[in-house]
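Engineer: I would like to see how this sequence folds:
(one chain, ligands or ions: 1)
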Amino acid sequence: MSIYKIHENAKNYLNVFLEEEKKDSAFRYKLYKDDIKDIKIYAKEKHVSHLDEEELIADVNKRIERSQREVLELQDFIEGPLTWTESEKKPFRINRDIHLKLHGKPIKDNIYLYNNNFYYVKGPYSEQEKELLVMECFDRDRRKFERLTNRFEKQIETRNERPRIPESVRIDVWRRDQGKCAKCGSREKLEYDHIVPISKGGSNTTRNIELLCENCNRQKGSNIQ
Ligand SMILES: [Zn+2]
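Structural biologist: All right, here's what the predicted structure looks like:
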């Protein structure tokens, strides 16, 4: 059995990939359209020098069509209405052509998208079992990093790297405090401040975080010391 994460931030990865594919596709198109002589260079590079000119044109046309089709497929996949929402609910198996591009090997049905990560699964498992393995892999990572964060939190804090406040909490706090300082109401230079500091056991929850302007935050800091 083999299961591992191949890529994080799959969305970004796919978008970069798509841009490259578009360029490549445009390049091939230009090659053919611009100058018939280039086709001979192309024939050498692609090892199809044995073809006559008509066959070469057909060959290039076929390759252009294929690459344009691949670009469209990839684009449909990335922009598909379900791709990202579905893959947050459960592992989403990606199709063979996209798979081939990502992994470079013609193995069927083994790459899954889950929570913006790509996973590779191999083994004699049913579809459902593979999905479960991906979910387990994701969960194992999550637990591992939670454990590591707890274990090394003190060291991390002494390096003055605060654990990041989750985006959803920041949004909630901003809404609750209506985008202004909770002490003086200023809308300038706002910061997210822990009411009970992390070092004293405070957590990254909406209830323990408030918006303060830079001034009020500095004052609060000096009062504690
Ligand atoms: Zn203030």
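Engineer: around the ion, pick out the residues from the protein.
Structural biologist: Neighbours of the ion within the chain, by CB under 5 Å from the ion: Cys181, Lys183, Cys184, Ser186, Cys213, Cys216. Heads up, the C-betas are built off the backbone N, CA and C, glycines and all.
Engineer: which members of the residues you listed are positioned in helices?
Structural biologist: Counting by DSSP state H, the members of these that fall within helices are Cys216.
Engineer: mind picking the two most distant members of the residues of the chain next to the ion?
Structural biologist: Greatest spacing in these, by CB to CB: Lys183 and Ser186 (8.5 Å).
Engineer: common neighbours of the two, please.
Structural biologist: Taking CB atoms under 8 Å, 6 or more residues apart in numbering as the criterion, Lys183 and Ser186 both touch Cys213, Cys216.
Engineer: let me see the ranges of the helices in the chain.
Structural biologist: Across the chain, reading from the start of the chain, the helices by DSSP H fall at 10-34, 36-45, 53-79, 83-89, 96-103, 127-158, 167-176, 214-224.
Engineer: mind checking how far the second one is from the chain centre?
Structural biologist: Averaging C-alpha positions (CA atoms, centre = their mean, to the nearest Å) puts helix 36-45 38 Å from its chain's average.
Engineer: and that helix with helix 53-79, angle?
Structural biologist: 80 degrees (axes from the mean of the first three to the mean of the last three CA atoms, to 10 degrees).
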